[in-house]
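Student: Kindly generate the corresponding structure for this input.
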Amino acid sequence: QINTSFKRKGPAEKGSAIYVPRIALTGGPCAGKSSSMENITDTLLKLGYDVYFVPEVPTVLMNGGCKYPGIDGGKLLVEFEIAL
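Tutor: Take a look at the predicted model:
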């Protein structure tokens with residue numbers, strides 16, 4: 001169940017800011033983050049909210065052609081992790 005008790009702010013007047021609620025999903029592999037994103041999206045869209053997702057940095061890198069050296073990458077793995 002999603003707690004939607006935060007109030008949706010109306011259009012900003014000149015000089016005022018719009019409040020943008022943010023949700024951060026954390027957890028290890030197979031923790032249910034992707035499934036949760038689908039449920040959160042469906043619920044909030046039905047309530048009239050705009051929903052946007054920002055992918056995690058490793059996803060952007062891997063989709064951009066970056067080569068992960070693997071868990072046994074030794075020095076290359078250390079350099080890769082430092083660069084992140």
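Student: going forward, measure contacts and count neighbours with C-alpha atoms only.
Tutor: Will do.
Student: Now do the one helix or strand Ser36 maps to: everything it contacts.
Tutor: Here Ser36 sits within helix 33-46, counting by DSSP states H and E. Identification of contacts with helix 33-46 by Cα atoms under 8 Å, 6 or more residues apart in numbering yields Ile2, Leu25, Thr26, Gly27, Asp50, Val51.
Student: Low-confidence ranges, the protein, go.
Tutor: Applying pLDDT under 70 to the chain flags the ranges 1-17.
Student: ok, now how distant is Phe53 from Gly70?
Tutor: As for Phe53, its distance to Gly70 is 27 Å (criterion: Cα to Cα, to the nearest Å).
Student: burial count for Met37?
Tutor: Residues contacting Met37 under the criterion other Cα atoms under 10 Å number 15.
Student: Tell me how far it lies from Pro58.
Tutor: 18 Å.
Student: Ile23 now?
Tutor: The spacing between Ile23 and Pro58, counted by Cα to Cα, is 19 Å.
Student: now Glu81
Tutor: With Cα to Cα as the criterion, Glu81 and Pro58 are 10 Å apart.
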